[in-house]
Each structure stands twice: as C-alpha cells, then as structure tokens.
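# Can you look at this prediction? I've put the sequence above it.
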Amino acid sequence: TIALKHGAHRIGNRTDADMARWRSLRFGQFIHWGLYAIPAGEWNGKTYNGAAEWIRSWKEMPHEAYDQLYKQFNPVNFNPQQWAAQAKAMGAKYMIITTKHHDGFCLWPSKYSKYTIAASPWKKDLLGPMIDAYNKAGIDVHLYFSIIDWNHPDYRASLKNAADSAAGKRFQVFVKNQLAELLQRYPTVKGFWFDGTWDDSWKNDGAFSDELEQYLQSLHPGLVMGSRLRADEKGARHFDSNGRLMGDYEQGWERKLPATIADVHGNDWEAVMTVPENQWGYHAKWMGHVKTVNEILEMLVKSVSLNGNFVLNFGPKADGTYRTEEQQLAAGIGEWMKVNGVAVYDGAYAGFEKQDWGYYIRKAGTDSVYMVVFNIPVSGSLRVKLPARTALTGVTMLQGNTALTPEWVGRNEYFIHLQNRQTASPVVILLKTEKGENKDKGNVEKAK
Ligand SMILES: COc1ccc([C@H]2[C@H](O)[C@H](O)[C@H](C)N2C)cc1
C-alpha cells in the first residue's frame, strides 16, 4: 500500500450508534429546492433538456438573468408540516435537503453570503421550519451542501496562479464558516451530503477536505458524511489511492444501483434516484420515462437486499407545492410500506443464493429473512435454497399473516407454492430459520 496522510482513516464500516441508526433507516427522501424551480427547465419559450437545477449552465440562459431570480423567490404555499406528513406517509425515515446547490443560493439566511433567502421576497429561513417539521414527524434530516458555488466571487474550478490560490484560500474559509454555521443553527441534523467536489481546486487539496471532515466531526460528533467530500493527497476521490473508501458510506450510486453484493465491497452505501430519467430540481416538462411505484419499490428493496440505503428525489415547485406525479408516487409507495415496511427497516443482506423471483432481506442480526417477490413464475412455485446447515422453521405470507407450508425438496431446498399468482404489488413472505440440518419435521409436504 501507498503511505497516505489524507486517505481513508478507517478500514471497514463505522460501528457506532449514529451510523447504526443511519443504516437501520434504509429509506430516505431527497429534496432539491431552489431558484432553479422558477424557470423550471424553460426560458424564453425554449425547453432545456438537461437537469433543471443546471439551467444556469445552459447557453440559452444568460447568467445575469438567472442571478436575478432570487428577487422572485416567494414560496407562498410552502407548508413544511405538509411536506413532513407526506414523507412520513411514504415511509421515509430520513430526508436530505439542498441547503445550497451549485448556483450558490442559500435557503437559510447565512451571515457569510448576501445570496440567500433573506434577500428574497420570502425573507425568512426555510431550513429551520423544515427541519423542525421533519424531526417532529420522526424523520432525521441530513443537509446537502454543494462545494461548487457558481455565485461566489472566490470560487475557482482550478488554481492557475497566485491570485487563484489566494481566492481559493478565501473560498475554503467561506465553506468552513458556512458548514459550521449550519451545524450551529440546526443542531439536530445527522449528516452532510456533499456534492460538487469534482473540480481540480478541490480534488488537488486532499489535506483541506480531510481536515474539514475532521473539523465537522469535532463540532458534531457522530455526524454521517459520505465519500463525496474527500480527496486524498493524490486526487483520488471516493476510494483513496489504496482502494479504501473515504467517508462513512459509498456515495457514488447516483441514478444507478449495484448489481450484486460483490459490487459493494462490504461497504455501507446509499443510492440516490430521480423519478424521471434525470431531473433533480423541478422541471415543468418531464421527458422520457417516469418511474412507477413498483419500479421504485424494486429499487428500494434491491438496495436493502444488498446492504444499502435508497433515497428517492422530490423537486418541489417554486411556490412550495409538489407536482401531482410526486404526490401520487409518495402515496402509492406509502400504501405498500404501511404493510411491508417491516421488511425494509433494519434490513440487511441475507446471505442466501439470489433467486429470479426477487430479493431476500434479513432483519439485521436475526434469523428472520423476508422474501420480497416481484416476479411470480408461471408455475407459482418459488424456489428457496437455504445456506448449508440452515433449517426452515416457519413461512408466513405478510399480507393476511397467513402461514404457508413449503414443499421440502430435500437437503436445504424448498418450494413455496403460491395459490394466487395475480398481484398488483410485491408479495412479502417471512421465513423463520434456525441453525441445523433440514429434516422432515412434519411441517412440510414430502416431494410428490
Ligand atoms: C456532471 O454530472 C452531474 C453533476 C452534478 C449532479 C448533481 C445533481 O444536480 C444533483 O444535485 C445530484 C445529486 N448531483 C450529483 C448530477 C450530475
């Protein structure tokens, strides 16, 4: 291995209570809200095909025009209690809010910037009421913070000369001040979700990102921060130059999921997902495929089955309301989570051989394993192959709390025969197992 001063400081996952809590929550809500919701992907009658929150970088959007939008930001229909109620009904256990996206506009009245909500017609802090409402609903809040800041005069993508380096230093002080300010104003937050850390100016100062992470931990012990914050002294990101994960969880799964457990290398990880193909901020015209409830449920269940968290993104409108598609999605997901969320929360990789019908999720630290069935075979028979020396002692269909009698095929293999092959949503079956050889305990029919 290469001697690194600013690489990973820990091998393996964090085992403290704050990280165990983050891991147990499994399902989060991302919220991208800011000035970009005003143009909503359109300008002068033209439609921007990129991600709505990137519209300032669109050639058809004059920077001066975008930079005046804050004078119109007035979310008169903002209702944080309603937002939190919607997230609670959906079954989300944590929420990540954009405090400041790449455009540099702050949703809180930061004393380190003039480009904040205080300068808008709304004037008032948006983060405080949101954090309070979500915490009251029993939902943890994490703060998204973009290092890239298109508005700040001292932001440099790269440091080409002494003047750039001086500006870069001033900018680092600004970042440190804003982050400390956020922790001081909102002491109940559980973590930071950093973004915009790919420019050379950041990548080439691994020492600063390392010191910053340690500084934030010292201000707020237990803070959970993913792998996007840091670079090591050789410019490696997410994984240091020895291939070791930096930060508390792998944060690279953006609009994509690992395929197998091998892809996660034993690390904690989190996937963040958009409802349309690629829109985080509010876009008036969603183009391309819009994911359905069952598609989202499959991504959530697959993530948990591979030891990860899954975060679904919402993009509120400029007035503070949600579009119909997102309201309906939240309600539909919540419908299923009400009955089946027990299979998601505290869920972990089961260690069973993957089958085509869907995913296994182990209730962490127990002998209870849930089957979440998405693909019922035409036979209606679900093959279950247990690990060696694991006996099956009980099978219960969650819906209706119905006991099922599996067919024992011999050794550690069973079939679970479903009577009803028609279902509009994923079917959840609870398997009770115990150590020991499988033998005919009379709880199964003999193979015909
Ligand atoms: C260059 O490709 C990018 C850069 C940044 C992103 C940002 C999105 O604006 C959103 O905030 C997402 C979480 N983040 C990775 C997405 C793709």
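Okay, I see it. Residues are numbered from 1 along each chain as shown.
# When you work out contacts or count neighbours from here on, use the C-alpha atoms and nothing else.
Fine.
# Where does the residue nearest in space to the middle of the chain fall, secondary structure wise?
Here the mean C-alpha position of the chain is nearest to the C-alpha of residue 311 (Cα atoms, centre = their mean), at a distance of 2.9 Å. According to DSSP states H and E, residue 311 maps onto strand 308-314.
# hey, what's the residue nearest to the centre of the chain bridged with?
residue 28, residue 272 (DSSP bridges).
# Output the longest helix anywhere in the chain in PDB with nothing but the alpha carbons.
Longest helix of the chain, by residue count under DSSP state H: helix 162-185. The C-alpha trace of helix 162-185 is given here as PDB (Å, rounded to 0.1, in the frame of the first residue of the first chain):
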ATOM      1  CA  ALA A 162      -1.100  33.100  -7.200                       C
ATOM      2  CA  ALA A 163      -4.300  35.200  -7.400                       C
ATOM      3  CA  ASP A 164      -6.400  32.000  -7.900                       C
ATOM      4  CA  SER A 165      -4.700  30.400  -4.900                       C
ATOM      5  CA  ALA A 166      -5.500  33.400  -2.700                       C
ATOM      6  CA  ALA A 167      -9.100  33.300  -3.900                       C
ATOM      7  CA  GLY A 168      -9.200  29.500  -3.300                       C
ATOM      8  CA  LYS A 169      -8.000  30.000   0.300                       C
ATOM      9  CA  ARG A 170     -10.600  32.700   1.000                       C
ATOM     10  CA  PHE A 171     -13.200  30.300  -0.500                       C
ATOM     11  CA  GLN A 172     -12.100  27.400   1.800                       C
ATOM     12  CA  VAL A 173     -12.700  29.700   4.800                       C
ATOM     13  CA  PHE A 174     -16.100  30.600   3.400                       C
ATOM     14  CA  VAL A 175     -17.000  26.900   3.100                       C
ATOM     15  CA  LYS A 176     -15.800  26.100   6.600                       C
ATOM     16  CA  ASN A 177     -17.800  29.000   8.000                       C
ATOM     17  CA  GLN A 178     -21.000  28.100   6.300                       C
ATOM     18  CA  LEU A 179     -20.800  24.500   7.400                       C
ATOM     19  CA  ALA A 180     -20.100  25.400  11.000                       C
ATOM     20  CA  GLU A 181     -23.000  27.900  10.700                       C
ATOM     21  CA  LEU A 182     -25.300  25.200   9.500                       C
ATOM     22  CA  LEU A 183     -24.400  22.900  12.400                       C
ATOM     23  CA  GLN A 184     -24.700  25.700  14.900                       C
ATOM     24  CA  ARG A 185     -28.200  26.700  13.500                       C
END
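# Off-centre distance for that helix?
26 Å (Cα atoms, centre = their mean, to the nearest Å).
# Next up, the contacts around the closest residue in space to residue 418 that isn't next to it in sequence.
Closest residue to residue 418 apart from its sequence neighbours, by Cα to Cα, 6 or more residues apart in numbering: residue 380 at 5.2 Å. By Cα atoms under 8 Å, 6 or more residues apart in numbering, the residues touching residue 380 are 417, 418, 419, 420, 421.
# now with 6 Å?
If you count contacts by Cα atoms under 6 Å, 6 or more residues apart in numbering, residue 380 has them with 417, 418, 421.
# And the contacts of the longest helix of the chain?
Taking Cα under 6 Å, 6+ apart as the rule, helix 162-185 contacts 154, 159.
# after it comes which helix or strand?
With DSSP H and E, the next secondary element past helix 162-185 is strand 191-195.
# what comes up buried for the strand holding residue 311?
Of all the residues in strand 308-314, those buried under the rule 16 or more other Cα atoms under 10 Å are 308, 309, 310, 311, 312, 313, 314.
# got it, and stretch 420-432?
Result for stretch 420-432 [16+ other Cα under 10 Å]: buried residues 426, 427, 428, 429, 430, 431, 432.
# Can you add pLDDT, distance to residue 349 and secondary structure and give the residues you listed back as a markdown table?
Shown next, in a markdown table, are the buried residues of stretch 420-432 (pLDDT from 0 to 100; distance: Cα to Cα, whole Å; DSSP: H, G, I helix; E, B strand; the rest coil):
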| residue | pLDDT | distance to residue 349 | secondary structure |
| --- | --- | --- | --- |
| 426 | 98 | 18 | coil |
| 427 | 98 | 18 | strand |
| 428 | 98 | 16 | strand |
| 429 | 98 | 16 | strand |
| 430 | 98 | 15 | strand |
| 431 | 98 | 14 | strand |
| 432 | 96 | 15 | strand |
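# the strands in the stretch 1-150 of the chain, which residues?
27-31, 42-43, 46-47, 94-100, 140-146 (DSSP state E, counting those that start in this stretch).
# Could you give the separation of the first one from the chain centroid?
Centre-to-centre, strand 27-31 and its host chain are 6 Å apart (Cα atoms, centre = their mean).
# Ok, stretch 38-54 next?
The answer for stretch 38-54 is 25 Å, by Cα atoms, centre = their mean.
# do the same with stretch 180-194
For stretch 180-194, the distance to the chain centre is 17 Å (Cα atoms, centre = their mean).
# and which of the buried residues of strand 308-314 is nearest to residue 215?
The shortest approach to residue 215 among the buried residues of strand 308-314 belongs to residue 309, at 25.8 Å (Cα to Cα).
# wait, doesn't that closest one sit right on residue 270?
Yes: using Cα atoms under 6 Å, residue 309 is in contact with residue 270, at 4.4 Å.
# What mean pLDDT does stretch 169-176 get?
In this model, stretch 169-176 carries a mean pLDDT of 98.
# and the next element down the chain from the lowest-mean-pLDDT helix or strand in the chain?
One helix or strand of the chain scores below all others by mean pLDDT, DSSP states H and E: strand 407-410, with a mean of 92. Downstream of strand 407-410, the first helix or strand assigned by DSSP H and E is strand 413-417.
# Quick check: which helices or strands does that following strand pack against?
strand 381-385, strand 407-410 (3 or more Cα pairs under 6 Å, 6 or more residues apart in numbering; DSSP states H and E).
# how about the helix or strand following the first one: buried residues?
It stands for strand 381-385. The helix or strand immediately downstream of strand 381-385 is strand 390-397, counting by DSSP H and E. By 16+ other Cα under 10 Å, the buried positions in strand 390-397 come out as 390, 391, 392, 394, 395, 396, 397.
# Closest to residue 161 out of these?
residue 390 (64.5 Å).
# thought that closest one was touching residue 436?
Yes: Residue 390 is within contact range of residue 436, at 5.3 Å (criterion: Cα under 6 Å).
# now the strands of the stretch 1-150 of the chain in a markdown table, with mean neighbour count?
Output for those, formatted as a markdown table (neighbours: other Cα atoms under 10 Å):
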| stretch | mean neighbour count |
| --- | --- |
| strand 27-31 | 25 |
| strand 42-43 | 18 |
| strand 46-47 | 14 |
| strand 94-100 | 24 |
| strand 140-146 | 23 |
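# Identify whichever of these lies nearest to residue 336.
Going by Cα to Cα, the one of the strands of the stretch 1-150 of the chain nearest residue 336 is strand 27-31, 13.2 Å.
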